[in-house]
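# this is a predicted model, with the sequence first.
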Amino acid sequence: MPSAVSTAAKYGRMKNFINGSFVSSESGRTIPVISPLDGTPLADMPCSTATDLNAAVAAARAAFAGWNRTPVKERVQVFFRFKYLLERDKEELTALVSEENGKTSGEALAEIEKCIELTEFATSMPQLIAGEVLEVSKGVECRTERTGVGVVASIVPFNFPAMVPCWTMPNALALGNCMIIKPSEKVPLSVVRLAELLKEAGLPDGVFNIINGDSEMVNAICDHPGIDAVSFVGSTRVARLVYQRSTQNLKRCLALGGAKNHLLVLPDAQPEMTARDVVVSMSGCAGQRCMAASAMLAVGPIDAIIERICDEARRVVPGKNLGAVINREAKERIERYITEAEQQGAKVLVDGRGHVVPGKENGTYVGPTVIDYVRPGMAVATEEIFGPVISIMRVSTLDEALAIENASPYGNAASVFTRNGSSARYVIERASAGMVGVNVGVPVPREPFSFGGWNESKFGVGDITGKSSIEFWTRLKKSTVKWNPEAGVNWMS
Ligand code: NAD
């Protein structure tokens with residue numbers, strides 16, 4: 001149980017984590033945190049104030065010089081220990097992620113496993129950031145070394161309460177930065193346990209801080225002169241705002257947004273595997289993944305595969321092997337999309353509307369939904385639904401499918417299902433997405449490969465994880481050094 005909270009609800013009123021201690025916000029405004037599984041009130045999250053943020057920034061700034069000058073081989077020792085602690089507390093973390101987010105235990109466990117993998121990657125920073133040195137003329141050396149940017153912020157969404165924080169925190173800290181994280185107001189509890197484990201792992205006070213809040217706090221972070229870089233993961237609408245606001249304030253920013261991911265299914269696709277992977281992709285984490293399949297382009301006659309997809313979808317049962325969506329508002333929004341598509345002439349083959357899980361009447365569940373004969377202009381074809389829904393569009397050629405995929409303003413993922421290598425290559429080359437799959441429904445690259453979309457799924461340069469994140473979290477120091485007077489003066493001096 002998180003110790004950052006006092007009484008009331010299940011875990012009481014939450015505190016911020018500043019300079020290694022849990023401290024009360026001076027704010028009187030709170031937001032209730034409710035479990036989507038059954039409606040249990042979990043905590044009251046304070047909407048922190050500018051004074052709270054100032055305290056977090058001051059703590060991070062004070063810690064930065066010492067932490068950044070700690071050799072990287074020493075810094076990563078914290079993450080070797082943190083990895084062990086994540087393994088030790090895997091079950092407890094799994095339960096907490098599931099409780100606050102609504103995903104199944106299996107999905108929550110996979111999330112913690114991913115946190116462990118991300119932490120493992122951070123421990124390899126000494127190997128990855130070793131600089132270069134060259135004697136550029138007699139007695140004169142040029143060398144490069146990477147150093148932390150300073151105080152960095154991480155603003156995160158609700159759908160992965162532990163994993164998205166672990167996209168940014170281990171790399172950013174191992175690279176010498178101090179961080180202020182603003183969790184999602186819908187799922188602020190898991191990050192508390194991460195902070196406690198970091199402290200237990202020996203992270204110095206002030207290096208990692210939590211500031212709770214909502215959009216007001218996000219704006220304050222973008223504006224704060226003591227914060228050097230802002231990373232954001234969430235919807236495209238907010239990613240755009242955060243990118244514009246923080247770069248206007250001359251901060252570096254990497255802002256990952258929403259998605260509308262397309263699966264292109266060809267007639268030669270392996271039927272069982274395709275049906276299974278399509279359903280796992282659209283319904284896993286109740287469709288609340290930025291890598292979830294949301295639109296399927298059925299290229300040519302694939303009715304038999306669609307039938308199998310429906311059979312698979314019917315085996316996914318809310319409250320059993322399908323978690324809840326985040327709240328009532330999300331349930332209503334998702335169901336509205338389905339109804340609107342139906343009214344516009346699409347055919348709902350498997351209908352997840354109106355689901356109530358016995359004994360969990362206050363939970364917010366939507367069953368898996370397969371909608372066929374969707375036309376490209378419909379909202380279910382173009383907008384991010386963020387629920388366990390797949391919209392099938394029928395097309396005649398691969399080029400027609402690619403034209404629909406390319407027209408999407410997003411660009412996180414696209415996958416093709418086929419047994420033909422040249423069709424697969426054709427899609428890899430032409431899909432307008434940062435992460436492409438071949439016979440893989442959720443083509444998340446695993447470490448050391450980096451995660452990041454294209455187009456309106458990401459604003460900024462570089463990716464948020466893996467090797468590609470190193471440039472974002474560091475500055476490059478270039479030094480030119482003369483060791484002996486005999487080197488004299490040359491043409492460059
Ligand atoms: P969201 O954009 O509503 O919230 C994300 C963060 O922004 C939260 O911390 C929230 O407090 C803050 N926020 C919300 N509204 C704001 C506003 N008007 N001004 C300033 N800050 C604001 O996203 P969400 O609903 O928590 O998460 C779901 C979204 O995140 C989906 O669109 C999903 O695709 C996206 N996502 C993207 C990725 C990716 O890698 N591209 C990964 C995970 C989630």
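Ah, there it is. Residues are numbered from 1 along each chain as shown.
# and the host helix or strand of Leu42, how far from the chain's centre?
Assessed by DSSP states H and E, Leu42 sits inside strand 41-46. Relative to the chain's own centre, strand 41-46 is displaced by 23 Å; criterion: Cα atoms, centre = their mean, to the nearest Å.
# list the buried ones in that strand?
Using 16 or more other Cβ atoms under 10 Å as the burial criterion, the residues of strand 41-46 that qualify are 42-46. Placement of C-beta: from N, CA and C, glycine included.
# what's the closest of those to the ligand?
Taking Cβ to the nearest ligand atom as the measure, the ligand lies nearest Met45 of these, at 10.3 Å.
# from memory the closest one sits against Val187, does it?
No - look at Met45 against Val187 with Cβ atoms under 8 Å: they stay out of range, at 9.6 Å.
# which neighbours do the two have in common?
Val33 (Cβ atoms under 8 Å, 6 or more residues apart in numbering).
# what about the strand holding Leu42, average pLDDT?
Averaging pLDDT along strand 41-46 gives 98.
# what packs against it?
When contacts are defined as 3 or more Cβ pairs under 8 Å, 6 or more residues apart in numbering; DSSP states H and E, strand 41-46 sits against strand 30-34.
# tell me which residues in the strand it packs on are buried?
So for strand 30-34, counting by 16+ other Cβ under 10 Å, buried means 30-31, 33-34.
# over to stretch 422-436?
Applying 16+ other Cβ under 10 Å to stretch 422-436 flags 423-424, 426-427, 430-436 as buried.
# farthest-separated two in the residues you listed?
Pairwise distances across the buried residues of stretch 422-436 peak at 20.6 Å for Ser423 and Gly434 (criterion: Cβ to Cβ).
# what number of residues lie near whatever residue of the stretch 201-350 of the chain ends up closest to the ligand?
Residue nearest to the ligand within the stretch 201-350 of the chain (Cβ to the nearest ligand atom): Gly234, separated by 2.7 Å. Look at Gly234: counted by other Cβ atoms under 10 Å, it has 22 neighbours.
# next secondary structure after the strand holding Leu42?
Assigned by DSSP H and E, the successor of strand 41-46 is helix 50-69.
# other residues contacting that following helix?
16, 18-19, 23, 25-27, 75, 147-148, 150-151, 173, 176-180, 204-207, 209-211, 217, 220-221, 224, 226-227.
# need the buried ones from the residues you listed selected in PyMOL.
Here is the PyMOL selection string for the buried members of those, based on 16+ other Cβ under 10 Å:
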select buried, resi 16+18+19+23+25+27+75+147+148+150+151+173+176+177+178+179+180+204+206+207+209+210+211+217+220+221+224+227
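# verify the stated contact: Leu93 with Lys114.
No - with contact defined as Cβ under 8 Å, Leu93 does not count as touching Lys114 (11.6 Å).
# quick one, which of these two is more surrounded?
Between Leu93 and Lys114, counted using other Cβ under 10 Å, Leu93 has the larger neighbour count: 24 against 19.
# circling back: could I get the buried residues of stretch 422-436 as JSON lines with pLDDT?
Below are the buried residues of stretch 422-436 laid out as JSON lines (pLDDT from 0 to 100):
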{"residue": "Ser423", "pLDDT": "98"}
{"residue": "Ala424", "pLDDT": "98"}
{"residue": "Tyr426", "pLDDT": "98"}
{"residue": "Val427", "pLDDT": "98"}
{"residue": "Arg430", "pLDDT": "98"}
{"residue": "Ala431", "pLDDT": "98"}
{"residue": "Ser432", "pLDDT": "98"}
{"residue": "Ala433", "pLDDT": "98"}
{"residue": "Gly434", "pLDDT": "98"}
{"residue": "Met435", "pLDDT": "98"}
{"residue": "Val436", "pLDDT": "98"}
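# in helices, which of those fall?
If you go by DSSP state H, the buried residues of stretch 422-436 have 423-424, 426-427, 430 in helices.
# include distance to the ligand when you put those into a markdown table, please.
Listed next are these as a markdown table, based on distance: Cβ to the nearest ligand atom, whole Å:
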| residue | distance to the ligand |
| --- | --- |
| Ser423 | 27 |
| Ala424 | 24 |
| Tyr426 | 25 |
| Val427 | 21 |
| Arg430 | 21 |
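# wait, does the strand holding Leu42 contact the ligand?
No - judged by Cβ under 6 Å from any ligand atom, strand 41-46 stays clear of the ligand, getting no closer than 10.3 Å.
# quick one, helices of the stretch 301-450 of the chain?
Assigned helices in the stretch 301-450 of the chain, in chain order: 303-314, 328-343, 379-382, 398-407, 421-430 (criterion: DSSP state H, counting those that start in this stretch).
# need the winner for burial among these.
Per residue and on average, the most neighbours among the helices of the stretch 301-450 of the chain fall to helix 379-382, with a mean of 20 (mean count of other Cβ atoms under 10 Å).
# thinking again about what came up before, JSON lines for the helices of the stretch 301-450 of the chain, including distance to Met273?
Below are those laid out as JSON lines (distance: least, Cβ to Cβ, whole Å):
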{"stretch": "helix 303-314", "distance to Met273": "10"}
{"stretch": "helix 328-343", "distance to Met273": "27"}
{"stretch": "helix 379-382", "distance to Met273": "25"}
{"stretch": "helix 398-407", "distance to Met273": "19"}
{"stretch": "helix 421-430", "distance to Met273": "14"}
